[in-house]
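structure of the sequence below:
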Amino acid sequence: MGRSQAVPRGSGGFGADGDDTGCPILHVDMDAFFASVEVRRDPSLRGRPVVVGGIGPRGVVSSASYEARRYGVRSAMPTARARALCPHAVYIQPDGAAYAAASRTVMGIFRDMTPLVEPLSLDEAFLDVAGARRLLGRPAEIAALIRQRVSDELGLTCSVGVASTKFVAKLGSTRAKPDGMLVIPAGKVLDFLHPLPVAALWGVGEKAAESLGRLGLRTVGDVARAPVRMLRASLGEAASAHLHELSWGRDPRGVSPEQVDKSIGAEVTFDTDVSEEVVIRRALLALSDKVGVRLRRSDQVGRTVSIKVRLADFRTVNRSRTLPVATDVAREVFETAWALFTALQPGDRIRLVGVRVEGLTSASGTPRQATLGEPEHGWRDAEAASDAAAARFGRGAIRPASLLKPASGESGGLSSRG
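Got it, this is the predicted structure:
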């Protein structure tokens, strides 16, 4: 059960007009974000079930409109299963650039309210609005302002939880969906928390919920009242202490606006298992190009290149190599990734490949050392020019030549992530 499914919808005695005293934390979550962006781009989709995700036989649902969710379609579900549940839905391949552009506008609205914004993904973030009260009003008023601006400026909806802690605010936004707001007063946190199922607690997945269920612990209140030694025997020292604190509404974490990426990567799942070297080489080149773009866009460079290879029998192999000098050049990433792959010689059909760059530092603060034999205007200048062209004409306007046309005999579809 996903976290959103673990938190029952409806007010349960809580609403948007609760006492927000001592509740400076907001969790804002866009509603069916990718699907909603697609509906905004094509208004004829409004009111219809829309599913965004990989459309190949191994595709996975990234987002589903609420019309599609009524048929049981959920994020992370195999697309084939979604088609069986809702065959009449509109299925759309993800457009990462469109979602990233919408996300930048959303995050800009958040930062207009407070500098204390902690993005969790493209479509959700924590905000600490304690310092914005004098200028913008009470937390609930700021939340209402955010919802109004998101609607006016993007034509999208979002749900907001207002609470004293991050954990409770996130549960509040889930319970407010879709297109709602929920204030959980500081003095009523336990009234809100304790009736919820144990799966609402962060860190309780399916297995942990089963373990707690065997102990007769089915609600958050059950966990709160259970002796810690009972939890410890079933879940271990760290997990038991963590869940006990959360069950009493205690979450000391503050909003951390500086989220530094530890790595940047991308991966692709082939629609059918492949062994042809030309197919794998093209996939690694495309992934390296994507990673290079993201590195340059975020003004970061990295020294360690790693690859992930998942074989047809689901065995996964990882290999990495540390470069002498940090890079954001896709060509250098690809050459390293390809060398790692050829040295691996998996000798079996391949289901998935991935490329990742780790050990990131700021590009502007890292000296760039020219490679021996590299011309004065080398790959990095060419890729920077490509970035400029893509910014003006779209990413498809310029690509590595070997990616423009499938090689002879190459099998088709890919389902990409990252």
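
center of this protein - which residue?
Ser121 (4.4 Å; Cα atoms, centre = their mean).

and that one, how far is that from Gly155?
Between Ser121 and Gly155 the distance is 20 Å, computed by Cβ to Cβ, to the nearest Å. Every residue, glycine included, has its C-beta placed from N, CA and C.

what does Thr269 give?
Distance from Thr269 to Gly155, by Cβ to Cβ: 32 Å.

which one of those two has more residues nearby?
More neighbours surround Thr269 than the other of Thr269 and Gly155, with 22 against 14 (other Cβ atoms under 10 Å).

pretty sure the more buried one contacts Gly354?
No. Using Cβ atoms under 8 Å, Thr269 is not in contact with Gly354, being 9.4 Å away.

SS state for Arg310?
Put simply, Arg310 is strand when judged by DSSP: H, G, I helix; E, B strand; the rest coil.

please enumerate the strands of the stretch 101-250 of the chain.
For the stretch 101-250 of the chain, strands defined by DSSP state E, counting those that start in this stretch occupy the ranges 117-121, 124-128, 158-163, 181-183.

now these as JSON lines including mean pLDDT?
Listed next are those as JSON lines, based on pLDDT from 0 to 100:
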{"stretch": "strand 117-121", "mean pLDDT": "92"}
{"stretch": "strand 124-128", "mean pLDDT": "97"}
{"stretch": "strand 158-163", "mean pLDDT": "98"}
{"stretch": "strand 181-183", "mean pLDDT": "97"}
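
hey, which of the ones you listed is tucked in deepest?
Comparing the strands of the stretch 101-250 of the chain by mean neighbour count (mean count of other Cβ atoms under 10 Å), strand 158-163 comes out on top with a mean of 29.

list of residues touching that strand?
18, 20, 23, 25-31, 106, 139-140, 143, 146-147, 150, 168-184, 186, 189 (Cβ atoms under 8 Å, 6 or more residues apart in numbering).

swap in 7 Å and give it another go.
Applying Cβ atoms under 7 Å, 6 or more residues apart in numbering, the contact partners of strand 158-163 are 20, 23, 25-31, 139-140, 143, 146-147, 150, 169-173, 176-184.

what does stretch 54-74 give?
Contacts to stretch 54-74, defined as Cβ under 7 Å, 6+ apart, come from residues 2, 32-35, 39, 47-53, 75-80, 82, 85-86, 89, 91, 93-94, 178, 269, 271, 413, 415.

also stretch 224-237?
Identification of contacts with stretch 224-237 by Cβ under 7 Å, 6+ apart yields 194, 208, 211-212, 215, 217, 240, 243-244, 247-248.

ok, stretch 143-154 next?
Here stretch 143-154 makes contact (Cβ under 7 Å, 6+ apart) with 26, 28, 102, 105-106, 109-110, 113, 136, 156-158, 160, 162, 181.

repeat that for 8 Å
So stretch 143-154 is contacted by 16, 26, 28, 30, 40, 102, 105-106, 109-110, 112-113, 136-137, 156-158, 160, 162, 179, 181 (Cβ under 8 Å, 6+ apart).

just the buried subset of the residues you listed, written out for ChimeraX, thanks.
A single ChimeraX command selects the buried members of these (16 or more other Cβ atoms under 10 Å):
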select :16,26,28,30,102,106,109,110,113,136,156,157,158,160,162,181
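
which non-adjacent residue is nearest His88?
Among residues not flanking His88 along the chain, Pro49 sits closest, at 6.9 Å (Cβ to Cβ, 6 or more residues apart in numbering).

next up, the contacts around the one you found.
64-65, 67-68, 70-71, 73, 86, 88-90.

now, those residues that are in helices?
67-68 (DSSP state H).

quick one: which of the contacts of Pro49 is nearest to Ala337?
Closest to Ala337 out of those is Ala64 (33.0 Å), distances taken as Cβ to Cβ.

now do the residue nearest to that closest one when sequence neighbours are not counted, the pLDDT please.
What sits nearest to Ala64 in space, not counting adjacent residues and going by Cβ to Cβ, 6+ apart, is Val73, at 4.4 Å. The model reports Val73 with a pLDDT of 97.

for Val73, what are phi and psi?
Note on Val73: its backbone torsions stand at phi -80, psi 130 [degrees, to the nearest 10].

how close does it get to Arg46?
Val73 is 17 Å from Arg46, by Cβ to Cβ.

more neighbours: the two, which one.
Higher neighbour count among Val73 and Arg46: Val73, with 26 against 12, using other Cβ under 10 Å.

what about that one, distance to Ala82?
Distance of Val73 to Ala82, given as Cβ to Cβ: 5 Å.

ok, now which ones touch Gly187?
The contact partners of Gly187, by Cβ under 8 Å, 6+ apart, come to Asp19.

which SSE is Ser306 in?
strand 300-311 (DSSP states H and E).

show the secondary-structure elements that whichever helix or strand comes after that strand is packed against.
Going down the chain from strand 300-311, the next helix or strand is strand 316-327, by DSSP H and E. With contacts taken as 3 or more Cβ pairs under 8 Å, 6 or more residues apart in numbering; DSSP states H and E, strand 316-327 sits against strand 300-311, helix 330-344, strand 350-362.

which helices and strands sit right next to the first one?
This points to strand 300-311. On the basis of 3+ Cβ pairs under 8 Å, 6+ apart, strand 300-311 makes packing contacts with strand 263-274, helix 277-297, strand 316-327, helix 330-344, strand 350-362.

mind redoing it with 6 Å?
Contacts defined by 3 or more Cβ pairs under 6 Å, 6 or more residues apart in numbering; DSSP states H and E place strand 300-311 against strand 316-327, helix 330-344, strand 350-362.

residues in contact with the first one?
It refers to strand 316-327. By Cβ atoms under 6 Å, 6 or more residues apart in numbering, the surrounding residues in contact with strand 316-327 are 301-310, 336, 340, 344, 366, 369.

greatest separation within those residues: which pair is it?
Across the contacts of strand 316-327 (Cβ to Cβ), the longest gap, 34.3 Å, separates Arg310 and Gln369.

neighbour count for these two, which is higher?
Using other Cβ under 10 Å as the criterion, Arg310 and Gln369 rank with Arg310 on top: 20 against 11.

is it true that that one touches Gly354?
No. With contact defined as Cβ atoms under 6 Å, Arg310 does not reach Gly354; the gap is 8.3 Å.
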